[in-house]
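with the sequence up front, the predicted model follows.
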Amino acid sequence: MLIGGNKEKVIENIRLAAERGHFNCKVEVNDPVLSAEARDAVIQHYLDNYKTFGYRFCNVWARALTDTATRFLNRSTRIEGLENMKGIHGGAIVTSNHFSPLDNTAVRKAMNKAGYSRLFMVSQDTNLAMKGWMGFLMNHEDIIPLANHPDYLLKNFEPMLRERLRQGHVILIYPEQEMWFHYRKPRPPKRGAYYYAAVNHVPVISCFVEIRDMPGKKNEEFHKTRYVMHILKPIYPDAEKSVRENSQDMMRQDYRQKVAAYEQAYGKELTYDFEEEDIAGWIPPEKEEIFESAM
């Protein structure tokens, strides 16, 4: 379950994955699991619907809902580093750490502050199968679905992404791939985001979201938290280098910047030894018991 639900098993999955160095693996326990045929079906449904009047109508409503949620959820979010956006005009790839199904709202707020009215997001095709209001948003918001199918990538995904960049939009791609709930540390990235920046000759807007614990409980497992969105130095492809060289160099530079931002924000060196504090706001069961016994 992405929002709500007991997170003890998810946190245990995070601990095990970090110990094994599997930083891009799935840790959620109730995400949609689809067969190859079902994945093809949800993608085809999206493509069939994408250019219809009904989609455009729902897209307006989905964007309005997302904008409202962004303002509400980020009332206390602080944006730092807006000055790093001054030299960026037109399309760009945005990267950020991925720790919540709603962390994109902090990125959206930052991009709005920088002058972009819309934020497109690359999202896994399985998210199209979500139900309820999340399913509505996944199917009608500014989403570019990603499917691990060469024919779809060449004929649909890459042209959609290229067209949005050509139109001057920013596109959020999570290089960590899977969401790790409330995990504070930046994880080693995969190369896809930087490949698409290099092949389309656009910069990477490097971001890192710091999560600060706040007084008071959000629920029995977590304290309240708030975000500090750090916009880091933009990363540009080098015209003298190949797409492969650029994507690798940009990926390494982005990771270095996120690590430095983490170390400055939390005042300690980044290691992947698991600590309870790695999960922002978490109240481990034993600490909850101690707290209750002291009352």
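Looks like it arrived, so ask away.

what residues does stretch 269-282 touch?
7, 11, 14-15, 18-19, 21, 23, 99, 181-186, 211-214, 218, 221-225, 259, 262-263, 284 (CB atoms under 8 Å, 6 or more residues apart in numbering). (Each C-beta comes from the backbone N, C-alpha and C, glycine too.)

so which of those are in strands?
211-214, 223-225 (DSSP state E).

how about the strands of the chain, start to end?
According to DSSP E, the strands that the chain contains are 78-80, 92-95, 119-124, 143-146, 170-172, 204-217, 223-231.

distance between the first one and the chain's centre?
When you say that, I think you mean strand 78-80. 17 Å (CA atoms, centre = their mean, to the nearest Å).

pLDDT score for residue 40?
pLDDT for residue 40: 89.

out of everything not next to it in sequence, what's closest to it?
Once flanking residues are discounted, residue 40 sits nearest to residue 149: 7.5 Å by CB to CB, 6 or more residues apart in numbering.

and the one you found, what does it touch?
Applying CB under 8 Å, 6+ apart, the residues contacting residue 149 are 39-40, 43.

which among those residues gets closest to residue 61?
If you rank the contacts of residue 149 by distance to residue 61 using CB to CB, residue 43 comes first, at 22.4 Å.

per-residue pLDDT, the closest one?
At residue 43, pLDDT is 93.

next one: residue 285
pLDDT, residue 285: 84.

tell me how many other residues crowd it.
10 (other CB atoms under 10 Å).

and among the strands of the chain, the most buried is which?
A comparison of the strands of the chain by mean neighbour count, using mean count of other CB atoms under 10 Å, puts strand 92-95 on top with a mean of 27.

and the contacts of it?
107, 111, 119, 165, 170-175, 189, 193-194, 196-197, 202-207, 234, 254.

mind redoing it with 7 Å?
107, 111, 170-173, 175, 193, 196-197, 202-207, 254 (CB atoms under 7 Å, 6 or more residues apart in numbering).
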